[in-house]
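Participant: Sequence and predicted structure below; questions after.
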Amino acid sequence: MAVTRGLEGVIATESSISSIIDDVLTYAGYNIDDLAEHSSFEEVIYLLWNNKLPTFEELAELKQQLNKEMRLPEGVINHLKSYDLKSVHPMAALRTAISILGLYDEESDVVEGEANKRKAIRIQAKLPSIVTAFARIRNGEEPVQPKENLSFAANFLYMLKGKDPEDIEVEAFNKALVLHADHELNASTFTARVCVATLSDVYSGVTAAIGALKGPLHGGANERVMQMLTEIGSEENAIPYIDEKFQNKEKIMGMGHRVYENGDPRAKHLREMSKELTKVTGQSKWYNMSIKIEDYIKENKGLPANVDFYSASVYHSLGIEHDLFTPIFAVSRVSGWLAHILEQYENNRLIRPRADYTGKEGQSYIPIEQR
Ligand SMILES: CC(=O)SCCNC(=O)CCNC(=O)[C@H](O)C(C)(C)COP(=O)(O)OP(=O)(O)OC[C@H]1O[C@@H](n2cnc3c(N)ncnc32)[C@H](O)[C@@H]1OP(=O)(O)O
Ligand SMILES: O=C([O-])CC(=O)C(=O)O
């Protein structure tokens, strides 16, 4: 049988969580454009986990459950304080901290319907607390406890900065969370599904997914987009910089996508947010540079911007440290991972493809002394 490199185009599972058809992204049948305009991230979590939008009561209950579960066990905070965070990438710290969090959950190894749902709430609630605690401890500050009356998006910014965020910041951050929440069988989601398809536990699935998201060809691209923009430094420098990358056959971060042919429907929302926020902060150069790069790459390589491209200047404008961009992706995408993990358990079969063996054959064993 022919090998499909990178499993491109292979249909590996059925799913009713999100779909990408003709470059249109939907969550449970709702167009991402409508969700981005109208919904809160909590509504999207509910939608992904229940395949329907919540009523007022259902949403209130989910918000209350999430809020109740946001506090971290002391042991996780002490763990974060126990090593030199300055030399640790936050995605590595997050991967380890989620794994440690499982050690404090009595139901960690109970792979069963209701226990899995309870763990989903705990993980969704605590992941932002880990990212923000990491960021504060690294800067010599104490973690900030969440506020009960704040939304998920507002609480993240509050726990990160220790002060109430502005409305415009909350609105932008909420929209970014909505846009990143799920994306069919992307690499980290597939990783999570492969992991739990062995009937391993939810914490293992999320830990594995964080490892996959960390890579620069996936969620790690957003941090590198900002690194690139910083290196470019000015609008005049943008095209010569990209030309040099082309000459060296280097990839441009935030560009291209395995599934979208004519463009990522999320990019237009993030582009608009980047335009608005960079204007507000008086740093339009990040947006202007990004537009120039996007147009040039589209024209010369036919590659469209993906979700990571404009999220970089959006998060930068919100005053967020650049290496937190990918952990923030995880704060949102964990909702999708958890939906897929629950769906995988519902109709499980071990995921175990085959490899086309291309190595040597018929080797005679030679004792070590004679090699
Ligand atoms: C949330 C997300 O995960 S979105 C993706 C985030 N990742 C990035 O932004 C990293 C940059 N982009 C890429 O590396 C790719 O476009 C991917 C990984 C996203 C998708 O890649 P694939 O579908 O596997 O395409 P592949 O890497 O095989 O590239 C196909 C061709 O397009 C070129 N190409 C693809 N993306 C880029 C890019 N960003 N910059 C320059 N060239 C590119 C490749 O060099 C290759 O050219 P070739 O055929 O001449 O060798
Ligand atoms: O779907 C993919 O290949 C990458 C991804 O996670 C996204 O674009 O959100």
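Facilitator: Okay, I see it. Ligands and ions are numbered 1, 2, ... in the order given.

Participant: ok, which stretches of the stretch 1-150 of the chain are strands?
Facilitator: Counting by DSSP state E, counting those that start in this stretch, the stretch 1-150 of the chain has strands at residues 18-21, 24-27, 30-31.

Participant: With mean neighbour count added, can I get these in JSON lines?
Facilitator: C-beta: built from backbone N, CA, C; applies to glycine. Formatted as JSON lines, the strands of the stretch 1-150 of the chain follow (neighbours: other Cβ atoms under 10 Å):
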{"stretch": "strand 18-21", "mean neighbour count": "16"}
{"stretch": "strand 24-27", "mean neighbour count": "20"}
{"stretch": "strand 30-31", "mean neighbour count": "16"}
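
Participant: Distance to ligand 2 and mean pLDDT added to these, as a markdown table?
Facilitator: Formatted as a markdown table, the strands of the stretch 1-150 of the chain follow (distance: least, Cβ to the nearest ligand atom, whole Å; pLDDT from 0 to 100):
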| stretch | distance to ligand 2 | mean pLDDT |
| --- | --- | --- |
| strand 18-21 | 8 | 98 |
| strand 24-27 | 9 | 98 |
| strand 30-31 | 16 | 98 |
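
Participant: now residue 136: how far from residue 96?
Facilitator: Per Cβ to Cβ, to the nearest Å, residue 136 is found 17 Å from residue 96.

Participant: Run a quick neighbour tally on residue 346.
Facilitator: 9 (other Cβ atoms under 10 Å).

Participant: correction: residue 199
Facilitator: Neighbours of residue 199 (other Cβ under 10 Å): 11.

Participant: Point out the residues in this structure that sit beside ligand 2.
Facilitator: 183, 186, 258-259, 306-307 (Cβ under 6 Å from any ligand atom).

Participant: now, among those, which is nearest to residue 7?
Facilitator: The closest of the residues of the chain next to ligand 2 to residue 7 turns out to be residue 258 (Cβ to Cβ; 9.5 Å).

Participant: how deep is the closest one tucked in, by neighbour count?
Facilitator: 13.

Participant: mind checking how far the nearest residue to residue 338 once chain neighbours are set aside is from residue 268?
Facilitator: Of all residues not flanking residue 338 in the chain, residue 120 sits nearest, at 4.2 Å (Cβ to Cβ, 6 or more residues apart in numbering). According to Cβ to Cβ, residue 120 stands 30 Å off from residue 268.

Participant: the more surrounded of those two?
Facilitator: Using other Cβ under 10 Å, the more surrounded residue of residue 120 and residue 268 is residue 120, with 21 against 14.

Participant: Touching, that one and residue 342? I think so.
Facilitator: Yes: contact criterion Cβ atoms under 8 Å: residue 120 and residue 342 qualify, at 6.5 Å.

Participant: joint contacts of these two?
Facilitator: residue 49 (Cβ atoms under 8 Å, 6 or more residues apart in numbering).

Participant: ok, now which ones touch the residue of the chain found nearest ligand 2?
Facilitator: Residue nearest to ligand 2 within the chain: residue 186 (3.0 Å; Cβ to the nearest ligand atom). When contacts are counted by Cβ under 8 Å, 6+ apart, residue 186 touches residue 218.

Participant: how close does it sit to ligand 1?
Facilitator: Per Cβ to the nearest ligand atom, to the nearest Å, residue 186 is found 6 Å from ligand 1.

Participant: ditto for residue 346
Facilitator: Using Cβ to the nearest ligand atom, we find residue 346 at a distance of 25 Å from ligand 1.

Participant: Please report the distance of that residue from residue 266.
Facilitator: 27 Å.

Participant: what residues does the stretch 151-300 of the chain put near ligand 1?
Facilitator: Within the stretch 151-300 of the chain, the positions lying close to ligand 1 (Cβ under 6 Å from any ligand atom) are 217-219, 221, 251-258.

Participant: helix/strand/coil for the residue nearest the centre of the chain?
Facilitator: A centroid search over the chain (Cα atoms, centre = their mean) returns residue 329, at 3.0 Å, as the residue closest to the centre. Per DSSP: H, G, I helix; E, B strand; the rest coil, the local secondary structure of residue 329 is helix.

Participant: If you drop the residues flanking it in sequence, what lies closest to it?
Facilitator: Per Cβ to Cβ, 6+ apart, closest to residue 329 is residue 219, 4.3 Å.

Participant: again with residue 115
Facilitator: residue 107 (4.5 Å).

Participant: Tell me the predicted confidence for residue 83.
Facilitator: pLDDT, residue 83: 85.
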